[in-house]
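Enquirer: Here you go, sequence then predicted model.
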Amino acid sequence: MREAKWLILVAVAGYLLLIFATFHRADPGWSHSATGAPIGNGNPVLKDLRLRKAITQAIDTQAIVDRVMDGNAQPGGGVVPAAFAAYHWAPSAADGAKFDLAAANAALDQAGYPKGPGGVRVAPGGAKLELRLAGHASRPFDQRTTEYVKGWLKDAGITAD
């Protein structure tokens, strides 16, 4: 699936919060809306598996379940929710994402994303590591989740709007 290499998905109880990047030009082969208009702007830095893994480590999906969904959800293991068992993939306990902000910061340092002025990480090439979060403005779940994710990313040195 082409989109999988371009965006990070935080799936909780079937909802998706998409994280897009903001400082690179569009890739014409990226994802498109129903009208054919491109969605997002496909940041090449998100091709870096080390960055994507670090972002995953920096997001506490169990906290989203507990604080945003009041425990009425389960952390997502993939894009397809567990309710669709025939299509759902669940990682093993060893392979599942684990929240570890210290490990996320160490992984970003090791991957070549040093913290610059103001604690914001710098991507290869010198641009600030800034991402855009997209969710539904009309869904309180998305709005609350976005605030938590922005905080965790900030703690990892990544600016998110």
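Expert: Perfect, I can see it now.

Enquirer: Mind naming the longest helix for the protein?
Expert: helix 140-155 (DSSP state H).

Enquirer: How far does that one sit from its chain's centre?
Expert: 10 Å (Cα atoms, centre = their mean, to the nearest Å).

Enquirer: which helices and strands sit right next to that helix?
Expert: Using 3 or more Cβ pairs under 8 Å, 6 or more residues apart in numbering; DSSP states H and E, the elements in contact with helix 140-155 are strand 8-12, strand 15-21, helix 49-58, helix 101-110, strand 130-134, strand 159-160. C-betas here are computed from N, CA, C, even on glycine.

Enquirer: and the last one, what does it pack onto?
Expert: Read that as strand 159-160. Applying 3+ Cβ pairs under 8 Å, 6+ apart, one finds that strand 159-160 contacts strand 130-134, helix 140-155.

Enquirer: which one of these has the lowest average pLDDT?
Expert: If the helices and strands packed on strand 159-160 are sorted by mean pLDDT, strand 130-134 sits at the bottom with a mean of 84.

Enquirer: between it and helix 49-58, how many degrees?
Expert: Strand 130-134 and helix 49-58 are oriented at 60 degrees to each other (axes from the mean of the first three to the mean of the last three Cα atoms, to 10 degrees).

Enquirer: Using PDB, list the CA coordinates for strand 130-134.
Expert: Only the C-alpha atoms of strand 130-134 are listed here, as PDB (Å, rounded to 0.1, in the frame of the first residue of the first chain):
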ATOM      1  CA  GLU A 130       7.500  19.900  11.700                       C
ATOM      2  CA  LEU A 131       4.400  17.800  11.100                       C
ATOM      3  CA  ARG A 132       0.800  18.500  10.500                       C
ATOM      4  CA  LEU A 133      -1.900  16.500  12.300                       C
ATOM      5  CA  ALA A 134      -5.200  16.000  10.500                       C
END
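
Enquirer: Quick check: neighbours of it in the sheet, parallel or antiparallel?
Expert: With DSSP bridges as the test, strand 130-134 is paired with strand 15-21 (antiparallel), strand 159-160 (parallel).

Enquirer: Thank you, goodbye.
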